[in-house]
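Need coordinates for the following:
(chains A and B, ligands or ions: 2)
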Amino acid sequence: MQITVNDTSYTIDVEPEMPLLWVLREELGITGPKYGCGIAQCGACTVHVNGYAVRSCQLAIGDLGNSSVKTIEGLGTPDSLHIVQEAWIEHQVAQCGYCQSGQIMQAASLLSTNPDPSDDQIDAAMSGNLCRCGTYPRIRAVVKAAAKKLQGS
Amino acid sequence: MKMSFLRAAFAITSLFSVTVLSAGDKVEINPPLAGSVSKEQGLEAWSRIFEVASHPRCANCHTGPSDRPMWSGPSYGKTRVHGMNIQAGNSRIGAETILCSTCHTNKSEDWSNANVTKHAAPRVAMSWALAPATAHWFGRTTQQICEQLRNPETNGDRDTLEIAEHLNHDLILHWAWAPGGNREPAPYSLQEHVNDILAWGVAGTPCPQD
Ligand code: FES
Ligand code: FES
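Ligands and ions are numbered 1, 2, ... in the order given. Here you go, the predicted model:
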């Protein structure tokens, strides 16, 4: 089966039931998306499918169809970071970092559909992404800052 | 702007859907002959319909003006709103904040083994969504739901035959009888429920306090 991840096409030979997260990490060595729970409870595995946040542990590879996948590795590059990544660094959001790629992918998805979210909308959109280190206040602040940056750009 | 992101989000839910085909039980739609169901029999059918409509598998997503899906019933212990601060918004698919399909991903045609994992987000071969706000069942009485369901203004402009067809086509409704995980299914079977809807219709859609 053929899949497209971060604009690169891959041929893989796996069972259609295999979750996208397993394909990314185990078959393709793309380890930005993290395994936290495997049951849609934590958000650590969040990637974009056709630009929208999806928990990659919940999407069987056989259900991906022709949709394209983007992981944190494809969101920006070290030379040209995504606005959300830039803001994340400026605000030094990460603590241990485990949840952070999921947080960033979820925030980028939110801002692409709702460039000026209210605090409540940020909380609603980000509440499915857990952070054991409790970086939540910085996450809310950084999503607002990224939204401002987006509006200025 | 608001409309454009809503439109975009609706577009993704269909884009993302690999195939939207029927799965699960096949339903026979055979209404009883006109005049063959008494009012008493219609009310008996209604009481079973109410058991289904008020069951958590159905009512948890029929939350009316609230855009919060609920977690209630034997599989959940204490009644509470859906975890993760989920708000389905006016779009009813979470387009304003986080799409239902972020976790309730769309399965392809065969979703028979989609929901075996306990506590994972249920999935079917269509886009997950809250029921429309007019279809408000959670916490409501048998009389209230009955009146809503027979009123085209609050039932999606359907007669009972069309309600039965709707039950046949909407796979989220099929899921209520095959919820997987450790969730209790809706009572009776999808076919029995459709039969009751049809019988209730032929009886003239009686409600308990008529
Ligand atoms: S690993 Fe996917 S949501 Fe936790
Ligand atoms: S930064 Fe450690 S889990 Fe979020």
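
drop to CA atoms for contacts and neighbour counts, all remaining ones
Fine.

What's the local residue count around B:Q148?
18 (other CA atoms under 10 Å in any protein chain shown).

Distance of it relative to ligand 2?
Separation of B:Q148 from ligand 2 (CA to the nearest ligand atom, to the nearest Å): 46 Å.

correct me, but that residue touches B:D157?
No: counting by CA atoms under 8 Å, B:Q148 sits too far from B:D157 to count as a contact (10.9 Å).

ok now do the residue of chain B found nearest ligand 1, which residues does it touch?
At 7.7 Å from ligand 1, B:C103 is the closest residue in chain B, using CA to the nearest ligand atom. With contacts taken as CA atoms under 8 Å, 6 or more residues apart in numbering or on different chains, B:C103 has the following neighbours: A:A40, A:V54, A:R55, A:Q58, B:A121.

Ok, A:Y10 next?
A:Q2, A:I3, A:T4 are the contacts of A:Y10 under CA under 8 Å, 6+ apart.

helix/strand/coil for it?
Assigned by DSSP: H, G, I helix; E, B strand; the rest coil, the conformation of A:Y10 is strand.

And B:H119, how close does it get to B:A164?
Distance, B:H119 to B:A164, by CA to CA, to the nearest Å: 30 Å.

Show me which of the two is the more surrounded one.
B:A164 (25 against 17).

Please, which helix or strand holds the closest residue to A:H91 other than its chain neighbours?
Excluding the flanking residues, the one nearest A:H91 by CA to CA, 6 or more residues apart in numbering or on different chains is A:V142, at 6.4 Å. A:V142 is part of helix A:136-152 when elements are defined by DSSP states H and E.

And B:L149, by the same measure?
helix B:142-150.

Go ahead and name everything in contact with that helix.
Contacts for helix B:142-150 (CA under 8 Å, 6+ apart): B:46-47, B:50, B:135-137, B:154-155, B:159-160, B:205, B:207-209.

for those residues, which one is nearest A:V14?
B:A135 (42.0 Å; CA to CA).

Which parts of chain A are helices?
A:20-22, A:72-75, A:83-90, A:100-113, A:119-126, A:136-152 (DSSP state H).

could you dump those helices to JSON lines with mean neighbour count and mean pLDDT?
Putting these into JSON lines (neighbours: other CA atoms under 10 Å in any protein chain shown; pLDDT from 0 to 100) gives the following:
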{"stretch": "helix A:20-22", "mean neighbour count": "24", "mean pLDDT": "98"}
{"stretch": "helix A:72-75", "mean neighbour count": "19", "mean pLDDT": "97"}
{"stretch": "helix A:83-90", "mean neighbour count": "18", "mean pLDDT": "97"}
{"stretch": "helix A:100-113", "mean neighbour count": "25", "mean pLDDT": "97"}
{"stretch": "helix A:119-126", "mean neighbour count": "19", "mean pLDDT": "93"}
{"stretch": "helix A:136-152", "mean neighbour count": "18", "mean pLDDT": "93"}
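
Mind checking those for the one nearest to B:G201?
Of the helices of chain A, nearest to B:G201 by CA to CA is helix A:119-126, at 40.8 Å.

The closest one and ligand 1, are they touching?
No: with CA under 6 Å from any ligand atom as the criterion, ligand 1 is not reached by helix A:119-126; the gap is at least 12.4 Å.

Show me the residue at the heart of chain A, geometrically.
Centroid-nearest residue in chain A, with CA atoms, centre = their mean: A:M105, separated by 2.5 Å.

circling back: check the contacts of A:Y10 for burial and list the buried ones.
A:I3 (16 or more other CA atoms under 10 Å in any protein chain shown).

Mind checking which of the contacts of A:Y10 are in strands?
The strands, defined by DSSP state E, take in A:Q2, A:I3, A:T4 from the contacts of A:Y10.

In contact with the second one, which residues are there?
This points to A:I3. Contacts of A:I3 by CA under 8 Å, 6+ apart are A:S9, A:Y10, A:T11, A:I12, A:N66, A:S68.

now those: which count as buried?
Going by neighbour count (16+ other CA under 10 Å), those have A:S68 buried.

Show me which of the contacts of A:I3 is closest to A:K149.
So of those, ranked by how close each gets to A:K149 (CA to CA), first place is A:S68, at 26.5 Å.

looking at it, the closest one is touching A:A53, isn't it?
No: judged on CA under 8 Å, A:S68 makes no contact with A:A53 at a distance of 11.9 Å.

From chain A, how far out is the residue of chain B found nearest ligand 2?
For chain B and ligand 2, the shortest gap (CA to the nearest ligand atom) falls at B:M84, measuring 15.7 Å. Going from B:M84 to chain A by CA to the nearest CA, to the nearest Å gives 5 Å.
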